[in-house]
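Novice: Test case, fold it:
(4 chains)
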Protein chains: 2
Amino acid sequence: MLSKKTKYAIKALVLLGKNMDQPPMQIARIAEDERIPKKFLEQILLDLRNAGYLYSKKGAGGGYSLNKDPKDIFLVDILRITDGPIAMVPCASLKFYHKCDECHDEVTCGIRKAFIEVRDASLKVLGETSISDIIEKEKTAIPSV
Amino acid sequence: MLSKKTKYAIKALVLLGKNMDQPPMQIARIAEDERIPKKFLEQILLDLRNAGYLYSKKGAGGGYSLNKDPKDIFLVDILRITDGPIAMVPCASLKFYHKCDECHDEVTCGIRKAFIEVRDASLKVLGETSISDIIEKEKTAIPSV
DNA sequence: CTAAAAGACTACTATTTCTATGTACTTTAT
DNA sequence: ATAAAGTACATAGAAATAGTAGTCTTTTAG
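Specialist: Numbering: from 1, shown residues only, chains lettered A, B, ... in the order given. This is a model prediction of the structure:
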């Protein structure tokens, strides 16, 4: 399961992505619109800003806006900032690799091999889906046959 | 990330799968072989037994053994017993569905749609990989080119 | 030049989940 | 009868998650 932090991060990015042309949006506004605790959101936006995905402006009339094209912000990037590894076992992680404590022999470990396949499957979708794609998906409701 | 519980569960199942022909194996033995805290493993094996995947026998000469063909025990089954949902958001879960608190409209939610795709990708691998497959994978080490 | 708006930063607290352990009980083989 | 093993339930400790509070800094408007 995603942490709430990550879910909130995605929500904020999607909202900002829909407002690309507008002036920066305030934390308070984002928090209200997306029903996210304001002070918690504050931290999250900071992380995204420090990672280069958001631009922020202080003072009156300030706020947050996207610092990249929503087509260039992928789910995998966000998840790695806010949740860390994509893989389900540390030894199968690309960016957050570390050995499993109890492992006898990582090289032959069948569990590891299986979860590398799982990782690659998730990674494919997460790495191909951008904020822009998510915005597009919102436009088409699930068809009621 | 998988919980340790799930990782231990898979390890135990793989070990028991390798010993299909032998008499039941004791918790203490499994714990030692796989470096799993014994009392913790006890609970885990119980869960797997109650879910029908293991057979247990009390008393002297007792222990645990697989109750199914290792070809018929899939990772997805184990994960659902010990970790619960496969999906990364509750609203995208098949077996553990529930609405996201903060969600405005689930039907159009683009985040949900994206994570349904992620779920399906993971599910494909997890649903196709059996304990038997994992045992097979152990036999072939990663080739050293 | 001051006040207000807004984000930045640091620290703390609360809650939940995960991991593990302890104690007592039941079943079974010898 | 006794010892070997699993069963059941309760609890504790640790770690991660979620959220809050307070103070500082920057910027704009008047």
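
Novice: The residue positioned nearest the centre of chain A: which element?
Specialist: Nearest to the geometric centre of chain A sits residue A:78, at 2.5 Å (C-alpha atoms, centre = their mean). Using DSSP states H and E, residue A:78 sits within helix A:75-82.

Novice: mind listing what's buried in the helix or strand that that helix is followed by?
Specialist: Toward the C-terminus, helix A:75-82 is succeeded by helix A:110-128 as the next helix or strand (DSSP H and E). By 16 or more other C-beta atoms under 10 Å in any protein chain shown, the buried positions in helix A:110-128 come out as A:110-123, A:125-126. From N, CA and C alone the C-beta is placed, and that goes for glycine too.

Novice: same deal with stretch A:73-89?
Specialist: By neighbour count on 16+ other C-beta under 10 Å, the buried set for stretch A:73-89 is A:73-83, A:85-89.

Novice: ok, now which ones touch residue A:131?
Specialist: Contacts for residue A:131 (C-beta atoms under 8 Å, 6 or more residues apart in numbering or on different chains) come out as A:10, A:13-14, A:17, A:66, A:70-71, A:73-74.

Novice: Pull the contacting residues for the nearest residue to it once chain neighbours are set aside.
Specialist: Leaving aside its sequence neighbours, residue A:131 sits nearest to residue A:70 (C-beta to C-beta, 6 or more residues apart in numbering or on different chains; 4.0 Å). With contacts defined as C-beta under 8 Å, 6+ apart, the neighbours of residue A:70 are A:13, A:17, A:20, A:130-132, A:135.

Novice: do you know how far residue A:70 is from chain B?
Specialist: Distance of residue A:70 to chain B, computed by C-beta to the nearest C-beta, to the nearest Å: 11 Å.

Novice: quick one: the nearest residue to residue A:26 once chain neighbours are set aside and residue B:102, what's the gap?
Specialist: What sits nearest to residue A:26 in space, not counting adjacent residues and going by C-beta to C-beta, 6+ apart, is residue A:63, at 4.3 Å. Noted for residue A:63: a distance of 21 Å to residue B:102, by C-beta to C-beta, to the nearest Å.

Novice: Among these two, which residue is more densely surrounded?
Specialist: Between residue A:63 and residue B:102, counted using other C-beta atoms under 10 Å in any protein chain shown, residue A:63 has the larger neighbour count: 20 against 13.

Novice: Name the helix or strand for the nearest residue to residue A:30 once chain neighbours are set aside, please.
Specialist: Using C-beta to C-beta, 6+ apart and skipping residues adjacent in sequence, the residue nearest residue A:30 is residue A:12, 5.4 Å away. Taking DSSP H and E as the definition, residue A:12 sits inside helix A:4-18.

Novice: Pull out the buried positions in that helix.
Specialist: Buried residues in helix A:4-18, counted by 16+ other C-beta under 10 Å: A:4-17.
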